[in-house]
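> Next input, structure requested:
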Amino acid sequence: MEFPAPMGLLDFLRSRVAQRRPRAAGLLAGLRARVPGGSAAGLLPPPSEAAAEAERRLGDRFAAELHAYGAREPAGLGRRIAALLAAAARKRPDELEEALGGLQPWELPALLESLEARGDLPRSALVATARLLAERTGSWEVLAAAIGLVGLAPAPEDLPLFETAARSTALAGVCAMSAEPLGPEVLLRLARRAEGIGRAMALERLGLATADDPQALAPLAAEALRLAGTIEDPAARAYAAVPLLELADAAALLADDPALADPIAACLEAAARGGWNGGPGPGLGRLPGATKAAELILAGDLPEEVRRRCARAVLAAHPMPAGPVRKAAQTLLDASA
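Numbering: from 1, shown residues only. Here you go, the predicted structure:
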């Protein structure tokens, strides 16, 4: 009886290489293929409605969880961080992907905060490995996490990554969070490329980034408000509207360009859904900057329909703004009834 010759180690390794399937293109490559031509924002639709719905749902969930009350600390944070650091030390994106498995995008802030607190953080190695992982992963959650890790030390070379991924509603919020150290102009660039809830997340981050220095927002405020006004869903628009209305100098903006009354009115309509009405934000009655903007529009020589929209927003708010603005809103609507 004859037995086959034993397989040598080299033959065994060659056979394994021959059987290995080529790696599928990463998710980021698919997003690049969906970038529309010209200056259009967002992405071309994915191949199926189910894929489109999953992408939208992830973006909505990220926004909702990020604004939910209470911290979102992922379970097993210490073990996960140890695995991340080991993968970074070896610069192994496959190990980094395994270490990030199961991490949800809204758990990223807690992870990043813990990493930032470490004095021994190998920041450059971790960011370099995350950049490699962003190009190869096929998972929305892992891509979001990789982008979040890049935000530990973002560089101008990361702008193409942020600008492409921000076109997806599922990733725009993470991109804005990671790109914030690059400055408010970069956040506005991301808002131009994003749409819907993604645009709202980028504009909200722009407002938060300039909260301590409103002068940094001043040259960007007009375009930021116009972009906010294009967000169709009022609940999503509210995320952008609240910080922009509070920080922008409405009087100066309207004096320079009265046409801004229309997007400001759209932002007021969105902000009015907050507070006791149940939508995002504290409510129009608790926003002095928004109340001042409403007062200016109601008293201004502006299109009647814009003024009526503003008046309806004031009276629909709960809590309702107090003082002259409430009376002006009621007077206007009574006169046009």
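> For the rest of this, base every contact and every neighbour count on C-alpha atoms.
OK.
> excluding its backbone neighbours, what's nearest residue 173?
residue 201 (5.0 Å; CA to CA, 6 or more residues apart in numbering).
> counting contacts, what elements does the host helix or strand of the one you found pack onto?
Using DSSP states H and E, residue 201 falls within helix 196-209. Applying 3 or more CA pairs under 8 Å, 6 or more residues apart in numbering; DSSP states H and E, we find helix 196-209 packed against helix 49-66, helix 172-179, helix 184-193, helix 214-229, helix 234-247.
> List the residues that contact the residue sitting nearest the centre point of the chain.
Within the chain, the residue whose C-alpha comes closest to the C-alpha centroid is residue 173; the distance, by CA atoms, centre = their mean, is 1.8 Å. Residues near residue 173 by CA atoms under 8 Å, 6 or more residues apart in numbering: 59, 62, 63, 166, 198, 201, 202.
> Repeat that for residue 123.
Counting by CA under 8 Å, 6+ apart, residue 123 makes contact with 152, 153.
> So for it, what's the pLDDT?
The model reports residue 123 with a pLDDT of 96.
> With residue 82 as the reference, measure out to it.
Distance, residue 123 to residue 82, by CA to CA, to the nearest Å: 14 Å.
> now residue 288
46 Å.
> Kindly report the same for residue 327.
Going from residue 327 to residue 82 by CA to CA gives 60 Å.
> how many neighbours does residue 229 have?
24 (other CA atoms under 10 Å).
> That one contacts residue 267, doesn't it?
Yes. If you go by CA atoms under 8 Å, residue 229 and residue 267 touch, sitting 6.4 Å apart.
> which neighbours do the two share?
In contact with both residue 229 and residue 267: residue 237, using CA under 8 Å, 6+ apart.
> Would you mind finding the most buried of the helices and strands packed on helix 196-209?
Sort the helices and strands packed on helix 196-209 by mean neighbour count, taking mean count of other CA atoms under 10 Å, and helix 172-179 sits at the top with a mean of 28.
> low-scoring stretches of the protein, by residue?
Low-confidence segments of the chain (pLDDT under 70): 1-25, 69-73.
> Can you give me every residue that contacts the closest residue in space to residue 151 that isn't next to it in sequence?
Spatial nearest neighbour of residue 151, chain neighbours left out: residue 178 (3.9 Å); criterion: CA to CA, 6+ apart. If a contact means CA under 8 Å, 6+ apart, then residue 178 has 147, 148, 149, 150, 151, 152, 154 as its contacts.
> go on, residue 281?
238, 239, 242, 271, 273, 274, 275.
> would you list the residues you listed in CSV and tack on distance to residue 113?
Listed next are the contacts of residue 281 as CSV, based on distance: CA to CA, whole Å:
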residue, distance to residue 113
238, 26
239, 23
242, 25
271, 30
273, 31
274, 29
275, 29
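> Need the max-distance pair from those.
Greatest spacing in the contacts of residue 281, by CA to CA: 239 and 275 (12.7 Å).
> Mind checking what secondary structure residue 281 has?
Under DSSP: H, G, I helix; E, B strand; the rest coil, residue 281 falls in the coil class.
> wait, I meant residue 121
coil.
> Residue 37 too?
coil.
> Give me the neighbour count for it.
The burial count for residue 37: 9, using other CA under 10 Å.
> Likewise for the one 3 residues further on?
Around residue 40 sit 13 other residues, with neighbours defined as other CA under 10 Å.
> residues touching it, list them.
By CA under 8 Å, 6+ apart, residue 40 lies in contact with residue 193.
> In three-state terms, label it for me.
Using three-state DSSP, the structure places residue 40 in coil.
> now it: how far from residue 192?
Taking CA to CA, one finds residue 40 at 9 Å from residue 192.
> so what's in contact with the two at the same time?
With CA under 8 Å, 6+ apart, residue 40 and residue 192 have no common neighbours.
> ok, how many other residues are close to residue 122?
Counted with other CA under 10 Å, residue 122 comes out at 14.
> Name the nearest residue to residue 95, ignoring sequence neighbours.
residue 87 (5.3 Å).
> I figured the one you found hits residue 81, correct?
No. Counting by CA under 8 Å, residue 81 is not a contact partner of residue 87; they are 9.8 Å apart.
> Which of the two has more residues huddled nearby?
Taking other CA under 10 Å, residue 87 and residue 81 do not tie; residue 87 has more neighbours (22 against 17).
> what's near enough to touch that one?
By CA under 8 Å, 6+ apart, residue 87 lies in contact with 93, 95, 96, 99, 126, 129.
> what's the next secondary structure element after the strand or helix carrying it?
Here residue 87 sits within helix 77-90, counting by DSSP H and E. Downstream of helix 77-90, the next assigned helix or strand under DSSP H and E is helix 93-100.
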